[in-house]
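Engineer: below are the sequence and a predicted model for it; my questions follow.
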Amino acid sequence: MAWDGWNRDGDGCVRISAVLAWKSAALLGENADIGLRIEFSDEPASHHVSALQFGLTAAQARALSADLAAHADKLEAQQFGIATSMGDRQHAS
């Protein structure tokens with residue numbers, strides 16, 4: 001199941017925080033190739049921002065990018081009725 005192992009709130013619902021911003025940078029001479037900082041908030045209206053910082057290898061960055069792009073393509077195809085594969089975008093009639 002896609003949601004197995006995800007954090008849940010007291011009601012058993014999957015806990016999701018809003019991503020507010022992210023930054024990335026090449027890490028020269030570090031233990032990772034790319035640094036990724038994701039800023040998020042459980043309650044964006046409160047202006048309380050938390051952040052997590054990760055070190056990724058180039059391969060991990062490419063895999064993460066491809067995974068997110070695949071989800072975005074699927075969502076766009078469902079919402080807008082378009083094909084989103086490799087520049088072959090066609091609007092549904």
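Structural biologist: Received the coordinates, thanks. Numbers count the residues shown, from 1 in each chain.
Engineer: now the helices for this protein?
Structural biologist: 58-80 (DSSP state H).
Engineer: can I see the domain layout of it?
Structural biologist: Using automatic domain parsing, the domain parsing of the chain gives 14-56, 58-88.
Engineer: lowest mean pLDDT across these, which one is that?
Structural biologist: Ranked by mean pLDDT, the domains of the chain bottom out at domain 58-88, which scores a mean of 81.
Engineer: number of nearby residues for residue 51?
Structural biologist: 13 (other CB atoms under 10 Å). To be clear about C-beta, it is placed using only N, CA and C from the backbone, and glycine gets the same treatment.
Engineer: what's the closest non-adjacent residue to it?
Structural biologist: residue 39 (4.6 Å; CB to CB, 6 or more residues apart in numbering).
Engineer: so who does that neighbour touch?
Structural biologist: By CB atoms under 8 Å, 6 or more residues apart in numbering, the contact set of residue 39 is 19-22, 49-51.
Engineer: could these go into JSON lines alongside distance to residue 67?
Structural biologist: Formatted as JSON lines, those follow (distance: CB to CB, whole Å):
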{"residue": "19", "distance to residue 67": "15"}
{"residue": "20", "distance to residue 67": "21"}
{"residue": "21", "distance to residue 67": "20"}
{"residue": "22", "distance to residue 67": "15"}
{"residue": "49", "distance to residue 67": "25"}
{"residue": "50", "distance to residue 67": "23"}
{"residue": "51", "distance to residue 67": "21"}
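Engineer: wait, which of the residues you listed is closest to residue 66?
Structural biologist: residue 22 (16.8 Å; CB to CB).
Engineer: contact partners for the most centrally placed residue in the chain?
Structural biologist: In the chain, the centroid-proximal residue (CA atoms, centre = their mean) is residue 68; its distance is 5.7 Å. Listed by CB under 8 Å, 6+ apart, the contact set of residue 68 is empty.
Engineer: for residue 24, which residues make a bridge with it?
Structural biologist: With beta bridges defined as DSSP bridges, residue 24 has these partners: residue 36.
Engineer: how near is it to residue 54?
Structural biologist: Counting by CB to CB, to the nearest Å, the gap from residue 24 to residue 54 is 10 Å.
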